[in-house]
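1. Can you look at this prediction? I've put the sequence above it.
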Amino acid sequence: MTSQAGSLPTQRLEEDTRQDGAYPLLETVGLIKDYPGIRALDSMNFELRAGEVHVLFGENGAGKSTLISMIAGANRPTAGEIRFNGRHADLDSVHEARELGISAVFQEFSLIPQMTVAENLFLGAEPTARGLLDAKSQRQRAQEILDSLDFHLPPSKRVDHLTRAEQQMVEIAKAFRSDLSVLILDEPTASLTNHETDQLFKLIGKLKAQNVGIIYITHRMAEIREIGDRITVMRDGQFIKTVDAKTTGDDELVSLMTGRVMGQIFPEINYQPGEMALEVEDLRTADGFVDGASVTIRRGEIVGFAGLVGSGKSEFARACFGAEDIAGGRIVFKGRTITRPRTQEMLKDGFLYLPSDRRTDGLMMMRSARENMSIASLDIAPFSNGWLLNAKAEANAVDSLATQLNLSPHRVERDAGHFSGGNQQKLMLARSLTRDFDLVVFDEPTVGVDVGTRAAIYEFIAELCANGAAILLISSDLPEILHLTNRAYVFYRGRIQAELAGDEITETNVLSHFFEKEVA
Amino acid sequence: MTGPSPSPAVAGRRMADIPKRLFVRLGILPFLLAIAVVVFTLMSDNFLTGRNLMNVLRQSVYLTIVSLGQMLALLTGGFDLSVGTILALTSVVGALVMASVYAAMPDAIWLAISLGCLAGIAAGTMIGVCNGIGVAFFGVSPFMMSLGMTSVGFGIALFLTGGTPVYGMPQAFGDIFGFGTFLGIHTPIYVAVIIALLLFLFLYRTPQGRYVYAVGGNIKAAALSGINTRTILFMTYVLCAAMAAVAGMLLTARLDTGEANIGASMPLQSIAACVIAGVSLRGGVGRLENVILGALFIGLVQNGMNLARIESYLQTVVLGSLLILAVIADQIRLRYVASLKD
């Protein structure tokens, strides 16, 4: 390997595939990773061919992240071997993996917010001239990379001035700094809009044509169908099966993943729209994200908010909850007009907003699951008498909530940060049961959540609705809007573009309103 | 160890694992405490005696009270650098008021003591009110806010006294609150115990106490859970200052003078006591019991070094090193915790 260290990865790749095409591009043999007290990955066999999109599929905690972290060189295996082009590869660091052309785009951004796009792209490999930074050539080369990817981003813009989707694009572009042979994408579309997702898929198509092997992690079935070639299903740190993406049905995939046969992911919901819960007229927020939107939500129905990231759908709900400053408009909650909503009062009045970003807005990661579940209702029984906490009643209440939501592992004193994504989401959902809420807003409730837990969350939402609460579901995942809501609003630039009810809520209908004005 | 063992290597590994697990569970403090006791016992015969340990307890009272306040600030993810100034201002104002009331009405000893204490504690708490307003309502970083107030408070204390100590407090004040004993235990210890009990009740038995942890754990999540984060932050700094002020009054009684120069070492030592006790600098993590142990540990080390005749200048070197060691240990522990996940 050292004799070829000087040549570019793609050149080497072409040589190798010609010489010994019998080998897969990348292969793991009996790969094992042990953490103290737990085997995160057990005898994993995985192979990636050049020019294919290989989807890794499994519930949260199935070992997907562990596997890719070792392929990307971020973690060392306890036992087993990684082979690159049929040869043993010792990947001691991310840097060494990159030398081979293996690049990973993880869910957690590794961008420095205060630096520009170009500076981030070349972080750690800055072009220099006579030992000094060469800002000009850096900007040029950044522009070249962005152009080749067809990403419309100015290289000199600061990363913290970009939207989350644009930051994701920078993160992806970073992988293209050097030549690629293996690209690892960990839920890359989680924060992308449909339009940006399409762009990413085009790009993936281009890479396939260039013989790059792509490892792709996603929980979205539609994406697997669209771009996947083969799927490897994992469960509990073990290899289950590698199947063909085009010929394997959803049901089979889900049963492979969960180890049990499962019917519909979306539950049957019986909507019974009753009295008005929330009525908002011409709401405008101080930051301008919401610019004159009117919405009504009744008890016993699930209302959906669809729209692009930044369309104001999330800000609208936050503003009604008192988490954003309001510039104008009228809010009537349960028949009472509220001029300036304040979070504490809205919450006590029966309005709960569950934020989309668990890590930054939702959970106290260093505190126990118990404290995270009970936090919104410590001022009422059974958690306290208003002045003093009732530790025993709290423990009982939390324990039964954990049982009800099937928290796994069932250990309420464990730090929230140590649970998987799906179970962290359950901790937040539990809050909606600690009081009698009249209106519960779910903001992207299934981002980064596996299919098994997803079904449980949908069931949970349906049950809340059946019990007479008004539900507002904000989602960028179109199937959720299509299957769960009986009425949906489509947001576009802070306004309501369309209100759809019942059978009108179809994919084409909703999507057409996403872009209508942009196209025109 | 001489008994038959099937696989000594495995047993050995398990034995070696025990300190690591203890470390993850308890932090660095028990280890430091054990080392300190052994070292100082070897260095001085007088160290491990009941009388000396009682001394340590009495001397550590002031730091303990201040550290409990500091812990609140750290729990919310901030800190309070002005605790030293609060001690000084409390001491000066308390002594001035007490002395002047006593001079005007020599018979009303208790009136003088009560008014003096009230005035002193109120003055010290005002620093906390300013800190709280700045941090909670204007979003000033706790570092800048408390650093600024340090200068303000110290300036006022010096201005009021012209830099000289304040004398003329009633004899009874020092006798009772400085040197008094009840059932063989010094008065300040009772005060510290009462404060610790009240704070324990507050932190672990009331919703507000839980909110302190929540604000430090994730302030956005706390706000979205209906917690008034501003009130909690404001209250934190006021409580912290009030506790430092009580310590200031007790120290004034002990010294029998009002001084603008006391408490200079308090910011460092109180933060050190908390960090050694496992309070996270990122907020949201830390237990009251451990902080008391942390403060006692620092008292113990100082006492031990005094007995071992280590020069006072060198003592500050040791304390600073201990603080850094504790922070490093905390980082290592976090890494272990992440790998153990429980």
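-> In hand now; what should we look at?
2. On the pLDDT front, check B:L340 for me.
-> For B:L340, the pLDDT comes out at 60.
3. Stretch B:278-286: which residues count as buried?
-> B:G278, B:V279, B:S280, B:G283, B:G284, B:V285, B:G286 (16 or more other Cβ atoms under 10 Å in any protein chain shown). In this view, the C-beta of every residue, glycine as well, is placed from N, C-alpha and C.
4. okay if I get the residues you listed as CSV plus secondary structure, distance to chain A and pLDDT?
-> As requested, the buried residues of stretch B:278-286 are exported to CSV (DSSP: H, G, I helix; E, B strand; the rest coil; distance: Cβ to the nearest Cβ, whole Å; pLDDT from 0 to 100):
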residue, secondary structure, distance to chain A, pLDDT
B:G278, coil, 12, 86
B:V279, coil, 12, 89
B:S280, coil, 7, 86
B:G283, coil, 8, 88
B:G284, coil, 5, 89
B:V285, coil, 5, 88
B:G286, coil, 10, 90
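5. farthest pair in these?
-> By the measure Cβ to Cβ, B:G278 and B:G283 form the most distant pair in the buried residues of stretch B:278-286, at 13.0 Å.
6. what's near enough to touch the closest residue to chain A within the stretch 201-342 of chain B?
-> Nearest residue of the stretch 201-342 of chain B to chain A: B:G217, at 2.8 Å (Cβ to the nearest Cβ). Contact partners of B:G217, counting by Cβ atoms under 8 Å, 6 or more residues apart in numbering or on different chains, are A:M364, A:M365, A:M366, A:R367, A:E371, B:G283, B:G284, B:V285.
7. B:A214 is in contact with the fourth one, correct?
-> Yes: applying Cβ atoms under 8 Å as the test, A:R367 and B:A214 come out as touching, 7.3 Å apart.
8. any shared contact partners between those two?
-> Joint contacts of A:R367 and B:A214 (Cβ under 8 Å, 6+ apart) are B:G284.
9. Give me the more crowded residue out of those two.
-> Comparing A:R367 with B:A214 by other Cβ atoms under 10 Å in any protein chain shown, the one with more neighbours is B:A214, at 29 against 22.
10. and A:R141, what element?
-> Element membership of A:R141, judged by DSSP states H and E, is helix A:135-149.
11. List the buried residues for that helix?
-> Buried residues in helix A:135-149 (16+ other Cβ under 10 Å): A:Q138, A:R139, A:R141, A:A142, A:Q143, A:I145, A:L146, A:L149.
12. One more: stretch B:308-322?
-> Going by neighbour count (16+ other Cβ under 10 Å), the buried part of stretch B:308-322 is B:I310, B:Q315, B:L319, B:L322.
13. returning to what we had before: which of the buried residues of stretch B:278-286 lies closest to B:F234?
-> Using Cβ to Cβ, B:G283 comes nearest to B:F234 of the buried residues of stretch B:278-286, at 15.9 Å.
14. Need the phi and psi values for that closest one.
-> The phi/psi pair for B:G283 (degrees, to the nearest 10) reads phi 90, psi 160.
15. From A:G328, how far off is it?
-> Here B:G283 is placed at a distance of 36 Å from A:G328 (Cβ to Cβ, to the nearest Å).
16. Kindly report the same for B:H186.
-> B:H186 is 63 Å from A:G328, where distance means Cβ to Cβ.
17. Looking at those two, which is more packed in?
-> More crowded of B:H186 and A:G328, by other Cβ under 10 Å: B:H186, with 22 against 12.
18. Who are the contact partners of that one?
-> Taking Cβ under 8 Å, 6+ apart as the test, what B:H186 contacts is B:R58, B:V61, B:F179, B:G180.
19. Now do the strands in the stretch 201-350 of chain A.
-> A:213-217, A:230-235, A:238-244, A:276-285, A:291-298, A:302-307, A:326-333, A:336-338 (DSSP state E, counting those that start in this stretch).
20. Tell me which of those strands sits most buried.
-> Comparing the strands of the stretch 201-350 of chain A by mean neighbour count (mean count of other Cβ atoms under 10 Å in any protein chain shown), strand A:302-307 ranks first with a mean of 27.
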